[in-house]
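Have a look; sequence and predicted model below, questions after that.
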Amino acid sequence: MAPRAGPGAKRQRVAPAPGRFHGCAGAPSGGRGQKKDSPCGQALGRSRGGFTTKLHLSCDAQGRICALALTGGQAGDCTQAPGLLAGHLRPGQAVLADRAYDAGYMRAQIQQAGATAVIPGKKNRAVPLVHNAEIYKERNRIERAINGLKRFRAVATRFDKRAANYFATCCLIAALT
């Protein structure tokens, strides 16, 4: 018996060839991943302040910038710390950082290098940590180094579309200051 034809007839769906289409309306899926200009690849991300970029840095005792890292706005601060401190830790040094850098693995890295961690504990810690408040006052040098970078409009507002160009601008200004 032949299938019914005409206006009241139901059409049978024919499945597309496997691997050719993804089954939805639109172009076939090529499995190409992220687009070239996607925000994820250009160190842009959503945070409380909106669509932003974070610039992480480490300074020496005089406030000179030693290392820089660039991430999207949603990235945590503590994830960048091991890379920033890797080549700069020496025995007898004091590492000054704010509460965002309070993590066990970071404190372990600092202790293994023979340095002292002067980092206030987070508010949600079960066992509160003590830190030397007098040494912690010297952290203003880091804030001054950040403000020295932000003096330049190109860094403060991120004119560059590409992360590599923005990072190069930051490195150039860090070398000049």
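Received the coordinates, thanks. All of these numbers come straight from a predicted model, not from anything done at the bench. Numbering: from 1, shown residues only.

any idea of the pLDDT on residue 160?
Looking at residue 160, its pLDDT reads 87.

roughly how far out does the longest helix along the chain sit from the chain middle?
Across the chain, the longest stretch assigned as helix under DSSP state H is helix 163-176. Offset of helix 163-176 from its chain centre (CA atoms, centre = their mean, to the nearest Å): 16 Å.

Against which helices or strands is that helix packed?
When contacts are defined as 3 or more CB pairs under 8 Å, 6 or more residues apart in numbering; DSSP states H and E, helix 163-176 sits against strand 50-59, strand 65-72, helix 140-150, helix 153-157. For every residue, glycine as well, the C-beta is placed using N, CA and C.

Indicate which one of the ones you listed is closest to residue 110.
Closest of the helices and strands packed on helix 163-176 to residue 110 is strand 50-59, at 12.0 Å (criterion: CB to CB).

pLDDT score for the residue nearest to the spatial centre of the chain?
Note on the chain: the residue nearest the mean C-alpha position is residue 71, at 2.8 Å, using CA atoms, centre = their mean. Model confidence at residue 71, expressed as pLDDT, equals 91.

Name the nearest residue to it, sequence neighbours excluded.
Here the nearest residue to residue 71 in space, its sequence neighbours aside, is residue 54; by CB to CB, 6 or more residues apart in numbering that works out to 4.9 Å.

which residues touch the one you found?
47, 70, 71, 72, 73, 75, 77 (CB atoms under 8 Å, 6 or more residues apart in numbering).

Would you list the buried entries among the residues you listed?
For these, a neighbour count by 16 or more other CB atoms under 10 Å gives the buried set as 70, 71, 72, 73, 75, 77.

how about the helices and strands packed on helix 163-176 in JSON lines, adding distance to residue 122?
Listed next are these as JSON lines, based on distance: least, CB to CB, whole Å:
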{"stretch": "strand 50-59", "distance to residue 122": "18"}
{"stretch": "strand 65-72", "distance to residue 122": "20"}
{"stretch": "helix 140-150", "distance to residue 122": "19"}
{"stretch": "helix 153-157", "distance to residue 122": "28"}
